[in-house]
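Participant: dropping a prediction and its sequence here:
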Amino acid sequence: MADDSTRIEEILGQFPQIKRNALIPLLQAVQDEFGYITEEAISRIGAHLALPTSKVYGLATFYNQFSFSPRGYYHVVLCNGSSCHMRGAAELLNELSKLLEIRDGETTRDGLFSLEVQSCMGACGQSPVMSVNGEYHSGVSVKELREIISLYRDEAGR
Amino acid sequence: MLKLAQHGSSELNSEEIRQAELYKKNLISRPLVMINTSTSGIVAGSMRTWKAVERYAADRSLKIDLAETGSIGLSSEDPVLSVQLPGRTRIFFSRITEEKVSSILDDLFHQVVPDQHVIGQSAQEGQEAWKNVPFLDQIPFFALQERRVLKSCGIIDPFSIEEYIAGGGYAAFLHTIRSYTFSEVCQLVSESGLRGRSGGGFPAGEKWKAAYETPSDQKFLVCNAEESDPGAFMDRTLMEGNPFQLLEGIAIAAYAIGSNRAYIYIRSEYNESIRRIRSAILKLREIGLLGDNILDSGYNLQISLRKGPGAFVCGEETALIASLEGRRGMPSSKPPYPSTSGYQGRPTVVNNVETLSNLPGIIQNGPNWFRETGTADSPGTKIFSISGRVPLTGLVEVPMGTSFDTIVNKIIGGVRKGRKLKALHVGGPSGCMVPLEHMDIPVSYENLKEKGLLMGSGGLLVLDDRTCTVNTVRYFMEYLHKQSCGKCIPCREGTRRMAEILGDITRKPAEEEEQSGLERFRGVMQMETLAEVMRDTSLCGLGQNAPNPVISTLKYFRNEYEEHIFDRHCPSNSCTGLRSWFIDVDLCTGCSICAKRCPSEAIIGTARHPYFIVQEKCIACGICYEVCKFSAVYFK
Amino acid sequence: MGIPLNVNGRNIGAEKGETILSALNRHGMHVPTICSMKGLSPSGACRMCVVEVEGRENLVPSCSFPIEGPMKIRTHSPRVLRARKTNVELLLSNHPDDCLYCERNGSCELQSLAEDLNIRERRIPGKKSPHKIDKSSPAIVRDPAKCILCGRCVRICEEIMHTSTLDFAHRGKELKISTTLEKPLDSSNCTSCGQCLACCPTGALIENVQFPELEAHINAPGKLVAVQYSPAVAVSVAELLGYRSGTDMSGIINAVLRRYGFNKVFETSFGSDILIMEQAGILEERLKADHKFPLITSSCPAWITYAEQYYPGLLAHISPLRSPQQLAGSLIRDWFQKSAGHRGTELLSVLITSCVAAKTEARKAEMHPAGHPVIDLVLTTRELVRMIKLSGLDLERLEPELPDAPFYSTSSAGKLASVAGGEAEATIRTIYAALSGKEMPPARLHRFRINKSFREMHVKAGNTDIRMGTVSGLSNAVEIIEEIRAGRRKLDLLEIMACPDGCVNGGGQPLRADDKTIRARTKAVYDMDNASKVHAAHNCRHIREIYSDLLKEPGGQQSREMFYTGYSKREVLL
């Protein structure tokens, strides 16, 4: 889309130095802007930094931060740190997979929810920890989880 | 303020002294409310608490000061809120979610101590103490700690450079660049005996010396804030609680190696840390403590922030450097060491957040002060993060030489009533399982190494009698296996196979014929060989230390393994895959839903009569339990 | 002399800063390696080369450990052997067990390692990662299940061929080697040069083996099967058939091919000779005006793909001629259509070549004028060897035979095209005669035959100065092109060969040839030229006949129709 191309060009314009160490900040800017790394972005970034696109793709797939498909309207992040694990993160993940019918890294077909499992957000005192679009829920139980998800569903009108 | 930092309080006039006291919040004219708005606070709801306090003040047209602060280390007690009324000591409260704000503040503003949620009060000179409120440094949690690095976390406003300097901050740095040569600083730090706090325990001064002695047109100082260790949150607490201390430490380290360029590599998930560090850097630039020719000293320093896009392996220094260079975070062989050839081929020193945060104190008070506490081979203090099967999750700082027993039982208060402490997993995924018999070792790098243990970055995971050591180890191995960069064979394939073997042990496979007890046992034997090869040949610390949890549990908890393998039973009953499920004949109505849903057809019976689970076919998935409307399914 | 090392009890000398491996190899001591690549910086990934160094806690990777002081080393201690064995077992635990059905059965480095380390049981069971085979490319088949992630393909594609089609993606157990966005090879920027499969230790990257397709056609009634092949093939099969490397086996190959069932055996070098005639004419025209860019050769299909992707602006400067094999193929098809005796029969035109990209080239739309492929089937040198072995023919008992008329050339000029710099040399011989009226003594250009990836030479032909250059290896080619674009170098003729050292080191050649072998192959081609009596294409009787009978003149109507092709920008993720 022409609009997307403009946005990509704007981001590239913020990184005038054509050096490889700008690759990660560039990809982060694209990820923040679009919610995922588009094919066009990979091509434009590769051209901008004079890097083969295979290197851009290879780097982006290495790290947790970058995704290649759009996030859901609600992006659910579940912490799977050691403390959260001990306090039932596995059961929560199970429940989430059942409720949303998706696995870690996937988005629901209607685009409403996407799921990401992160390892240790560093808030071990509040485990198990979950966040939805940056809004945190702490000490979540399976029952509470069902309520939280249905609340979001209501909010979206679906 | 800068005058204070440069010359100390002796040179200040009375007006300036008063100003400093204001900044230090010793002298306040209005009630001060401070809320822990660092990550652990936010997750617990402290932003809502903040709004509630604002509303409370607005509704009553009260003039109060509301400030952000970091964590005092009682992570499970968040949101922690503290109140200082003019002339009185500061009093700390736990778990003040938004609905509790009114009642707490109502009491306090009437000079009444609330009867719940009180943690304690801080001892402040010249301020009137509250009656019947313990002093913080007397409650066991704080009394047995020695909070040198964590001193101001949860007390000061991390956004206020003025408060930091008023409290003595930046004096060390300015003294350094004025009075010491690069090599003198290296020498000072060597004398102090400071060892890298990220786990390696390598003497910091040595690393610096190597970089300092390598000629180059440019050198780099990198602060490793890629704290991905599950269960570790000391770096985060330091960054969010006292960012200026870290930045001062970075500046001192950069100076020592002759570098003008420093980077902080913070994992992108740590949003709040990034925000606070960014704000701190901007403030430092504004007042001239960063940039060119700092305060006419001739020394230039630039500190930039880089967001780590998320990979545990980037905590390894060569992988971190690769990531900074825009490459996949794959470690490379050492030698050559980064101190001689690192970022862009130039001498680079990578130091941990905690290590760097120790520096202002060492420079300010001298190496002997640092050596006063701790042990001979591991001087100073260490910060530990304790989580797991304990009611109190916390961050503590103790002198090296303190035992795990003291930390877990006396400071943290031990496990929940009715449970027994079984073991302590120290050092995260690359760490070791410490059994009860070693809980009283004085913790130091050498003492632990002697027993084949290590402390890692200081994350302690507490296991009680209802936690399975094998399952915990399996969790860590799966974590490592996902985080492995994949470059070298022993780590990539080794962690994968170990995770599989551990998975087989903690779970019943679909077809029992697949794996006999003997095969599972062989699998465990194989883990020992794999462990040795992984340790011998892996390229970096991730692979080399990946077998540690397995090796330590095999050594100290072999009986648990054997029970899993031969008896197909989890002694602490926490491996859900090994649970034995039964149907209560009194509650079962014979609706047969469970039988229909059972994936291995292990449930038999006739309609309207109680059903029965055939143990040999049951794979312990738990579906029957979930679908039963009569709660007739239970496990033993 | 340098730093003393004690290796397995023996004292050897090493230089400061060199790696342990390099010191060991220099003294004839070997340790197994997988990820190490000659000439490229060490990766340290596979851990096979680990050795025990006294005083160091862990085993040390010899490929990447620089020697700073004296060391005591054990290369085959029980600890080291156990580590190597376990590492290979770990690889095997995630590797398909179908060696017997694998294209690399017998030529697989993993097999050799397992054998050398005496691995006799499947000690590490476990799940294998699921993978999909990529058969999209006509030239290269990728089977990630067999990939041991050594990274050689990545490095050669990036550092030697400047293309970087493949790179590591993901992490941990998901780690794989992949194209951008994991697209199939034919949608990627792959040039089909095949250097990746030539260095792949296992069967993860293999050529698209097509010789079984011959079965339906050979000896079938109503089918005439014609085959053409080049000297690059003739001097290389020796290595896999037990003869000294560099033996020219063309005579025997002709005999073998006929016994196998091919009806007509032709030489690709005939096509090269025609190409030289045409190219000399084009160059002569170009030299009349001043050009910033040289005339760039078009014989290398991988280079053409590369140019269509990366240098669409230069396409106008690339010779419009097809490659020698396609050129020969057009002639063969034309001859077939016109010969009376072949009515009612179908032609199957087969090419045997050292080039893997030729497989992709044969399928290009530009090579199907009139909707019909000029060359039907392309086979590599390796495939030819398979065919020879399958046929059971006893090569000792065969007499050398000549190729079939009308497409065999007595001139050795066309044969030179098999080596880097050869086509340029041959073209100059013809254009020199055209411009000066005299024959160029072949030895004059022998200075051009140095062992360097880029060579330049200035020749005066009559009153005209000709600056000729040749470059092999796409990374080197890009360097030279950039110099020309920046105005730092001026050439009139530039020969570009994608594979380092030219077609003798093509992707279809016997695997993992070392420098010595490639030199031997190159020398064999030069020997052919030195021994020949006809050195220039224009002096070859058969070539003159083709022109008088059919083509009339270089660059004429007929030539354009049969031999000229077009280029267009190829849109792929670069």
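Facilitator: Now that the structure is in, tell me what you want to look at.
Participant: tell me which stretches of the stretch 351-500 of chain B form helices.
Facilitator: Secondary structure of the stretch 351-500 of chain B (DSSP state H, counting those that start in this stretch): helices at B:353-365, B:367-372, B:404-405, B:445-450, B:469-483, B:489-505.
Participant: the lengthiest helix in chain A packs against which elements?
Facilitator: Taking DSSP state H as the criterion, chain A has its longest helix at helix A:142-155. The helices and strands touching helix A:142-155, judged by 3 or more C-beta pairs under 8 Å, 6 or more residues apart in numbering or on different chains; DSSP states H and E, are helix A:89-100, strand A:130-132. For glycine as for every other residue, the C-beta is placed from the backbone atoms N, C-alpha and C.
Participant: most tightly packed of the ones you listed?
Facilitator: Of all these, strand A:130-132 has the most neighbours on average by mean count of other C-beta atoms under 10 Å in any protein chain shown, namely a mean of 21.
Participant: buried set for the helix or strand following that one?
Facilitator: Using DSSP states H and E, the helix or strand that follows strand A:130-132 towards the C-terminus is strand A:135-137. For strand A:135-137, the neighbour count (16 or more other C-beta atoms under 10 Å in any protein chain shown) marks A:136-137 as buried.
Participant: in the sheet, which strands lie alongside strand A:135-137, parallel or antiparallel?
Facilitator: If you go by DSSP bridges, strand A:135-137 pairs up with strand A:130-132 (antiparallel).
Participant: among the helices and strands packed on helix A:142-155, which is nearest C:Arg488?
Facilitator: Closest of the helices and strands packed on helix A:142-155 to C:Arg488 is strand A:130-132, at 56.3 Å (criterion: C-beta to C-beta).
Participant: mind checking the SS state of C:Pro406?
Facilitator: coil (DSSP: H, G, I helix; E, B strand; the rest coil).
Participant: now do the contacts for it.
Facilitator: Taking C-beta atoms under 8 Å, 6 or more residues apart in numbering or on different chains, we find C:Pro406 in contact with C:335, C:542, C:545-546.
Participant: helices or strands up against whichever strand or helix holds A:Glu10?
Facilitator: When secondary structure is defined by DSSP H and E, A:Glu10 falls within helix A:2-13. Counting contacts by 3+ C-beta pairs under 8 Å, 6+ apart, helix A:2-13 packs against helix A:23-34, helix A:39-49.
Participant: contacting residues for residue 133?
Facilitator: I went with chain A, as the question did not name one. Counting by C-beta under 8 Å, 6+ apart, A:Asn133 has contacts A:74-75.
Participant: oops, wrong one, chain C.
Facilitator: C:141-145.
Participant: switch those residues over to TSV; also include secondary structure and pLDDT.
Facilitator: Listed next are these as TSV, based on DSSP: H, G, I helix; E, B strand; the rest coil; pLDDT from 0 to 100:
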residue	secondary structure	pLDDT
C:Val141	strand	96
C:Arg142	strand	96
C:Asp143	coil	95
C:Pro144	helix	95
C:Ala145	helix	94
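Participant: ok, and the most crowded of those?
Facilitator: Most neighbours among the contacts of C:Ile133, by other C-beta atoms under 10 Å in any protein chain shown: C:Arg142, with 28 neighbours.
Participant: identify each buried residue in stretch B:203-213, please.
Facilitator: Neighbour-count burial for stretch B:203-213 [16+ other C-beta under 10 Å]: B:203-205, B:207-212.
Participant: nearest to chain A among those?
Facilitator: Chain A has its nearest neighbour among the buried residues of stretch B:203-213 in B:Ala211, at 19.7 Å by C-beta to the nearest C-beta.
Participant: after the helix or strand where the closest one lies, which helix or strand is next?
Facilitator: Assessed by DSSP H and E, B:Ala211 sits inside helix B:204-213. Using DSSP H and E, the helix or strand that follows helix B:204-213 in sequence is strand B:220-225.
Participant: buried residues of stretch C:252-268, list them for me.
Facilitator: Buried-residue list, stretch C:252-268, by 16+ other C-beta under 10 Å: C:252-258, C:260-268.
Participant: ok, and what's touching it?
Facilitator: So stretch C:252-268 is contacted by C:218-219, C:224-230, C:233-234, C:237, C:324-325, C:328, C:332, C:350-351, C:353, C:384, C:387-388, C:391, C:393, C:395, C:398-404, C:407-409, C:414 (C-beta under 8 Å, 6+ apart).
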